[in-house]
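Chemist: fold the stuff below for me.
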Amino acid sequence: MKTILVAMALVCAGGCHVQRELQAEMVSTQLIRIDTVYRYSGAHVKQQLIWRDSDNLDYVIYVPLNQAYVVGTRMLMIKPR
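Modeler: Next comes the predicted model:
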């Protein structure tokens, strides 16, 4: 009985340990659009920046209004594989 319990405990402990690798790549994106967004009933005004990479994938980020960006700016983004 003890051997069965020990074996079950080892199987459970071994099953919980999963090794994962983070697989991502850095892609060059270009800023294509800037919008002003009123979030949370106008209390937080932000800029919505839309970036596009060479595969035509869009990336959306929110930044404060006091940061200035120019359409056409290039930036590196992390893209999962």
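Chemist: residue farthest from the centroid of the protein?
Modeler: Relative to the centre of the chain, the most outlying C-alpha is that of residue 1, 48.1 Å out, by C-alpha atoms, centre = their mean.
Chemist: do you know the pLDDT at that residue?
Modeler: On the pLDDT scale, residue 1 is placed at 75.
Chemist: residue 8 versus that one, what's the distance?
Modeler: Distance, residue 1 to residue 8, by C-beta to C-beta, to the nearest Å: 11 Å. From N, CA and C alone the C-beta is placed, and that goes for glycine too.
Chemist: low-confidence ranges, the chain, go.
Modeler: Within the chain, the stretches with pLDDT under 70 are 13-19, 42.
Chemist: can you map out the strands along it?
Modeler: Along the chain, counting by DSSP state E, strands occupy 24-39, 44-53, 58-64, 74-80.
Chemist: next one: residue 20 from residue 77, what distance?
Modeler: Residue 20 sits 21 Å away from residue 77, going by C-beta to C-beta.
Chemist: swap in residue 43?
Modeler: For residue 43, the distance to residue 77 equals 28 Å [C-beta to C-beta].
Chemist: ok, now residue 24?
Modeler: Going from residue 24 to residue 77 by C-beta to C-beta gives 10 Å.
Chemist: for these two, indicate the residue with more neighbours.
Modeler: Higher neighbour count among residue 24 and residue 77: residue 77, with 16 against 11, using other C-beta atoms under 10 Å.
Chemist: what about the spatially closest residue to residue 47 that is not a sequence neighbour, how many residues nearby?
Modeler: Sequence neighbours aside, residue 63 is the residue nearest to residue 47 in space, at 5.1 Å (criterion: C-beta to C-beta, 6 or more residues apart in numbering). Using other C-beta under 10 Å, residue 63 is surrounded by 13 other residues.
Chemist: just residue 51 next, same as before
Modeler: Count around residue 51 with other C-beta under 10 Å applied: 21.
Chemist: before we move on, what about residue 49?
Modeler: Applying other C-beta under 10 Å, we find 21 residues neighbouring residue 49.
Chemist: for the residue lying closest to residue 57 once chain neighbours are set aside, list each beta-bridge partner.
Modeler: Excluding its sequence neighbours, the residue lying closest to residue 57 (C-beta to C-beta, 6+ apart) is residue 79, at 7.1 Å. Following DSSP bridges, residue 79 is listed with bridge partners residue 25.
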